[in-house]
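Enquirer: coords please:
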Amino acid sequence: MMNFLKLAENRYTTKTYTKNKKITINEIEDLKEILRLSPSSINSQPWKFTFISNKEVKEQLAAHSYFNANKIKDASHIVVFSVLDSIPLFEKQISENLPEGAIGYYKQFIKPKKDFEIKAWFSNQVYLSLGFFLSACASMHIDSTPMEGIVTDDYDAVLDVKNYKTLFAVAIGYRDSEDSNQPSVKAKVRLNKEIIINSL
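Expert: Sure thing, here's the model as predicted:
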């Protein structure tokens with residue numbers, strides 16, 4: 001099994017996908033379960049994940065995806081990451097599912113904030129799940145493209161989303177062999193460790 005450092009070195013944001021090459025049903029079910037197990041602060045889980053393989057729906061979403069349209073059309077699946085948009089519904093969810101200590105933390109440290117700050121905290125949890133998901137895809141040799149370049153309100157309309165709001169989407173599938181962004185063709189560029197990492 002490839003170690004995590006090797007996964008990080010080889011994982012990249014895929015620009016072009018092999019058309020009609022599908023991820024297996026079992027792998028998709030594994031990815032769904034991995035997302036369900038994603039970490040979040042106090043196990044808050046203010047999220048919903050929508051897996052889309054239907055060609056017609058993908059075409060509709062592609063029309064609201066700027067320069068990401070071809071990725072959405074060609075990838076095996078699109079996963080839309082949505083955040084709960086109702087504070088009362090969130091509070092109902094945690095009251096029914098979380099232990100007293102977690103609820104107490106929310107009431108003491110999160111609830112006193114302004115509504116926009118609470119909702120920003122919700123969104124932060126969804127971004128935690130993104131990192132978990134991208135790493136899982138890499139470990140399964142599935143290529144991925146996280147995309148904020150989409151019209152989220154239009155995604156909500158296409159998917160008929162209620163009580164949630166789309167934050168971003170991820171295309172998943174298998175790279176085209178000619179994809180010029182893959183590390184074997186285009187070396188990864190990152191800031192030096194000395195710039196971004198401190199050791200005390």
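
Enquirer: OK, contacts around Gln125?
Expert: 40-41, 44-47, 83 (CB atoms under 8 Å, 6 or more residues apart in numbering). Heads up, the C-betas are built off the backbone N, CA and C, glycines and all.

Enquirer: Secondary structure, pLDDT and neighbour count for those residues - can I get that in JSON lines?
Expert: As requested, the contacts of Gln125 are exported to JSON lines (DSSP: H, G, I helix; E, B strand; the rest coil; pLDDT from 0 to 100; neighbours: other CB atoms under 10 Å):
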{"residue": "Ser40", "secondary structure": "coil", "pLDDT": "98", "neighbour count": "16"}
{"residue": "Ser41", "secondary structure": "helix", "pLDDT": "98", "neighbour count": "17"}
{"residue": "Ser44", "secondary structure": "coil", "pLDDT": "98", "neighbour count": "21"}
{"residue": "Gln45", "secondary structure": "coil", "pLDDT": "98", "neighbour count": "21"}
{"residue": "Pro46", "secondary structure": "coil", "pLDDT": "98", "neighbour count": "25"}
{"residue": "Trp47", "secondary structure": "strand", "pLDDT": "98", "neighbour count": "22"}
{"residue": "Val83", "secondary structure": "strand", "pLDDT": "98", "neighbour count": "21"}
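
Enquirer: Which pair in the residues you listed has the greatest spatial separation?
Expert: Ser41 and Val83 (13.4 Å; CB to CB).

Enquirer: which one among the contacts of Gln125 gets closest to Ala120?
Expert: Taking CB to CB as the measure, Ala120 lies nearest Val83 of those, at 9.7 Å.

Enquirer: quick one: contacts for that closest one?
Expert: With CB under 8 Å, 6+ apart, Val83 has these contacts: 46-47, 119, 122-123, 125-126, 164-165, 167.

Enquirer: Helix, strand, or coil at Pro146?
Expert: strand (DSSP: H, G, I helix; E, B strand; the rest coil).

Enquirer: just Asn181 next, same as before
Expert: coil.

Enquirer: Test my guess that Met147 contacts Phe168.
Expert: Yes - shown here, Met147 and Phe168 form a contact pair, counting by CB atoms under 8 Å, at 6.0 Å.

Enquirer: longest single helix anywhere in this protein?
Expert: helix 115-139 (DSSP state H).
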